[in-house]
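>>> Let me see the structure of the following:
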Amino acid sequence: MRPTWRHLVVLAHVLVWGCASSRGVPRSATASANDGASTLGEAEHVDPCPNAQVAVRVLGSGGPIVDDARASTGYLLIVEGRPRLLIDAGAGIALRLGQLGVSPERLDAVLVSHVHVDHTADLISLLKSASFSERRAPLPVLGPSGDTRFPAIAAFVHAQIGEGGAWSYLGGFLGEGEPFALDLRELDVRGAARTTSIDELRIEAVGVPHGPVPALGFVVHAAGRRVAFGGDQRLDDPRFLELARDADLLIAHHAVPETHAGVAARLHARPSQIGAFAARAGVRRLVLSHHMRRSLERWTEGEAALRAQYSGPLELAEDLDCFAVE
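Predicted coordinates for the structure are as follows:
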């Protein structure tokens, strides 16, 4: 019998639904109840953090270009096993937190180094997720002051969820505190470092050179340890050098190769500059993150240039790596 158009339609439906059942549905939705699959995704495949009082989980080790299967910038500071601070919230960070089973409403504060999209794209997504929780305590969000080109952190958030913003239906975070209020704290990038306390955590912030962009570097004091988050910068400002001196861990951004010229070299530190800074600051451990393909493809050259300046412990971060701060 020759197939009719009705036979072809039925066959097409079978093929479509068969593909959907094998590719479009999470494995946990189709696995048997006894095979141990998690209904929360793949968190069981993430290596646990080292057993340390303080640790940093790298949520995103990439930059702004979606060519490397990395999330954009984001770090989770963990103190005595509890997630406390989120530092930056680039694209993909919400997914990484979900993989870890970390609910954003559990955070004590969010630190924003600057308002470039690869450091802030998931901030509002995390707020939306937290709106389904029972949290009622205000959430501190610390970020930089602004200028005529870049808004300060408060204006940046208001432009998205405030009156007339793209997602003004979330404006309760700014008004009556529904479901909870945002405590937006603007830190001036000019002048001396500012110190802020979140419970027992002490956060030092100072302006850092990232071209024309108002940006902050942070040093967090937790449980007797000091973690320096350089953010995007050239690492040539003595204010951050003094702040990061003798840090137990420095996370520096590896966005340009050693021989790179042009605009990016005025925004970011080359590997030799990262090494020189780490050596002058006397940091005990150096982790490179915010990788870009151009820098990774020339890492052999970059590593040599960095190692000519710095001989201490050095590691390249991947998404979901966790580093003990000892």
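
>>> What pLDDT is listed against the spatially most central residue of the chain?
Centroid check for the chain by Cα atoms, centre = their mean gives Gly74 as the closest residue, at 0.6 Å. On the pLDDT scale, Gly74 is placed at 98.

>>> How about it: which residues does it bridge to?
Judged by DSSP bridges, the bridge partners of Gly74 are Gly60.

>>> surely it meets Gly62?
No: counting by Cβ atoms under 8 Å, Gly62 is not a contact partner of Gly74; they are 9.8 Å apart. No exception for glycine: its C-beta is placed from N, CA and C like everyone else's.

>>> Mutual contacts of these two, please.
Both Gly74 and Gly62 are contacted by 90, 92, under the criterion Cβ atoms under 8 Å, 6 or more residues apart in numbering.

>>> Please, which helix or strand holds Ala252?
Using DSSP states H and E, Ala252 maps to strand 249-253.

>>> For that strand, name the packing helices and strands.
strand 54-60, strand 225-229, helix 271-281, strand 286-289 (3 or more Cβ pairs under 8 Å, 6 or more residues apart in numbering; DSSP states H and E).

>>> That one - which strands sit beside it in the sheet, and in what orientation?
Sheet pairing for strand 249-253, assigned by DSSP bridges, gives strand 225-229 (parallel), strand 286-289 (parallel).

>>> possible to save the ones you listed as a markdown table with distance to Ala205, mean neighbour count and mean pLDDT?
Shown next, in a markdown table, are the strands paired with strand 249-253 (distance: least, Cβ to Cβ, whole Å; neighbours: other Cβ atoms under 10 Å; pLDDT from 0 to 100):
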| stretch | distance to Ala205 | mean neighbour count | mean pLDDT |
| --- | --- | --- | --- |
| strand 225-229 | 10 | 24 | 98 |
| strand 286-289 | 19 | 24 | 98 |
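
>>> could you redo the ones you listed as JSON lines and give each row distance to Val110?
Output for these, formatted as JSON lines (distance: least, Cβ to Cβ, whole Å):
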{"stretch": "strand 225-229", "distance to Val110": "13"}
{"stretch": "strand 286-289", "distance to Val110": "18"}
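
>>> Of those strands, which is nearest Ala94?
strand 286-289 (18.0 Å; Cβ to Cβ).

>>> Any buried residues in the helix or strand just after that closest one, and which?
The C-terminal neighbour of strand 286-289 among helices and strands, as given by DSSP H and E, is helix 293-296. Going by neighbour count (16 or more other Cβ atoms under 10 Å), the buried part of helix 293-296 is Ser295.

>>> where along the stretch 1-150 of the chain do the strands fall?
Secondary structure of the stretch 1-150 of the chain (DSSP state E, counting those that start in this stretch): strands located at 54-60, 74-79, 82-87, 109-111, 139-144.

>>> Same list, those strands, but as CSV with distance to Ala228 please.
CSV is the format used below for those (distance: least, Cβ to Cβ, whole Å):
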stretch, distance to Ala228
strand 54-60, 11
strand 74-79, 11
strand 82-87, 11
strand 109-111, 12
strand 139-144, 16
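
>>> can I assume Val157 is in contact with Leu174?
Yes: judged on Cβ under 8 Å, Val157 makes contact with Leu174 at a distance of 7.3 Å.

>>> residues shared between the contacts of these two?
Counting by Cβ under 8 Å, 6+ apart, the residues touching both Val157 and Leu174 are Leu182.

>>> who has more neighbours, the two?
Remark: of Val157 and Leu174, Val157 carries more neighbours, 25 against 19, as counted by other Cβ atoms under 10 Å.

>>> so the helix or strand harbouring that one versus strand 139-144, what angle?
Assigned by DSSP H and E, Val157 belongs to helix 153-161. Angle between the axes of helix 153-161 and strand 139-144 is 120 degrees (criterion: axes from the mean of the first three to the mean of the last three Cα atoms, to 10 degrees).

>>> Next SSE downstream of helix 153-161?
Next along from helix 153-161, by DSSP H and E: strand 182-187.

>>> mind listing the helices for the stretch 1-150 of the chain?
Listed in chain order, the helices of the stretch 1-150 of the chain (DSSP state H, counting those that start in this stretch) span 5-19, 27-30, 93-100, 117-120, 123-130.

>>> And these, which one averages the lowest pLDDT?
Of all these, mean pLDDT reaches its minimum on helix 27-30 (a mean of 32).

>>> circling back: out of the strands of the stretch 1-150 of the chain, which gets nearest to His260?
Proximity to His260 (Cβ to Cβ) singles out strand 54-60 among the strands of the stretch 1-150 of the chain, at 21.7 Å.

>>> What is the closest one packed up against?
Counting by 3+ Cβ pairs under 8 Å, 6+ apart, strand 54-60 packs on strand 74-79, helix 93-100, strand 225-229, strand 249-253, strand 286-289, strand 322-324.

>>> and the longest one, what does it pack onto?
With contacts defined as 3+ Cβ pairs under 8 Å, 6+ apart, the packing partners of helix 93-100 are strand 54-60, strand 74-79, helix 123-130.
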